[in-house]
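S.K.: Mind folding the following:
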Amino acid sequence: HVQLVESGGGSVQVGGSLRLSCVASGDTIGRYCMGWFRQIPDREREGVATLAGDTTASYADSVKGRFTIGNAKNPLTLQMNDLKPEDTAMYYCAAAKTASSLPYLDEKRYDYWGQGTQVTVS
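M.R.: Numbering: from 1, shown residues only. Predicted coordinates for the structure are as follows:
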């Protein structure tokens, strides 16, 4: 059973930067697919950036050019630059052990989730 712990969230001004980190324990995750998701109240969880088993990265259109997912899976990082108010959300780290035909940014692909870290941009 994999445990995921996120850190690095906080409050930042528009245009600022934050770096999120996710530490995994409980299993060797070299072959896992890893990802960052975010959620605001009353909205579905949204895929932000993912790292496939072969470390190929995928990004949501809304963050391309601004966010960068690290190429290491543990710890998994997300560098967020040029932050906007619409980036305000709870950010979650996720891990997928089993292969799936679902898109990498689809939350249903993932088996394990962290507790989240809040990012507020104002």
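S.K.: Return the residues in contact with the one residue sitting closest to the centre of the chain.
M.R.: The centroid of the chain falls nearest to Trp36 when counting by Cα atoms, centre = their mean (1.2 Å). Trp36 makes contact with 20, 22, 47-50, 69, 76, 78, 91-94, according to Cβ atoms under 8 Å, 6 or more residues apart in numbering. Backbone N, C-alpha and C define where each C-beta goes, glycine included.
S.K.: Can you tell me which of those residues is nearest Val121?
M.R.: Tyr91 (11.7 Å; Cβ to Cβ).
S.K.: From Arg45, how far off is Ser17?
M.R.: Separation of Ser17 from Arg45 (Cβ to Cβ, to the nearest Å): 23 Å.
S.K.: Could you work out the end-to-end span of stretch 36-48 for me?
M.R.: Stretch 36-48 has an end-to-end distance of 5 Å (Cα to Cα, to the nearest Å).
S.K.: Kindly report the same for stretch 80-98.
M.R.: 28 Å.
S.K.: Mind listing what's buried along it?
M.R.: Met80, Leu83, Asp87, Thr88, Ala89, Met90, Tyr91, Tyr92, Cys93, Ala94, Ala95, Ala96 (16 or more other Cβ atoms under 10 Å).
S.K.: Cheers, nothing more for now.
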